[in-house]
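>>> Quick one: sequence plus predicted model below, questions after.
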Amino acid sequence: MFRLERYDNSGKRVMLVPVEMRGIGFEGSIHDGDWARVSGRIRAGTLHAKRLHNVTTGADVRATRTPKWQLILASVFICIVVAIILLGWIGIFAGEPAGPPDDWPPEDFP
């Protein structure tokens, strides 16, 4: 989260705008004193932006997210673990009762 200073056409500061960019990381950079062009939605007085353009350096700054293939791989792994746990529970509660077989002890047992 950071704040941008907004100026009017005469160069006078009009207001401070809080900006929030969410992600696991960021590509690009912005520093104090850089001019930036930001777009997004304002919610509860905060501008929520997914990207901005640093006019001073020409860099585009954007929030990075978890790649879709990693989300799919994690979902498949979780499904496999849940299936193994469920099969274990079904085996415990719906399987053969534990204990010796009905013909135990054998008649020729000493």
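Sure thing, it's come through. Residues are numbered from 1 along each chain as shown.

>>> Need the contact partners of stretch 4-21.
Residues from elsewhere that reach stretch 4-21 (Cβ atoms under 8 Å, 6 or more residues apart in numbering): 1-3, 36, 38, 40, 45-52, 61, 63. C-beta here means a position set from N, CA and C on the backbone, and glycine is covered the same way.

>>> From those, which land in strands?
Counting by DSSP state E, the part of the contacts of stretch 4-21 found in strands is Phe2, Arg3, Ala36, Val38, Thr46, Leu47, His48, Arg51, Leu52, Val61, Ala63.

>>> Distance check, the last one against Ile24.
It stands for Ala63. 8 Å (Cβ to Cβ, to the nearest Å).

>>> okay, those two: which has more neighbours?
Ala63 (17 against 8; other Cβ atoms under 10 Å).

>>> show me the contacts for the residue sitting nearest the centre point of the chain.
Closest residue to the average C-alpha location of the chain: Thr66 at 6.2 Å, with Cα atoms, centre = their mean. Residues in contact with Thr66 (Cβ under 8 Å, 6+ apart) are Ile24.

>>> Just the pLDDT for it.
For Thr66, the model assigns a pLDDT of 84.

>>> Name the SS class of it, please.
At Thr66, secondary structure determined by DSSP: H, G, I helix; E, B strand; the rest coil is coil.

>>> and if you look at the one 4 residues further on?
The local conformation at Gln70, judged by three-state DSSP, is helix.

>>> quick one: contacts for it?
Neighbour list for Gln70: empty [criterion: Cβ under 8 Å, 6+ apart].

>>> Cool, thanks, signing off.
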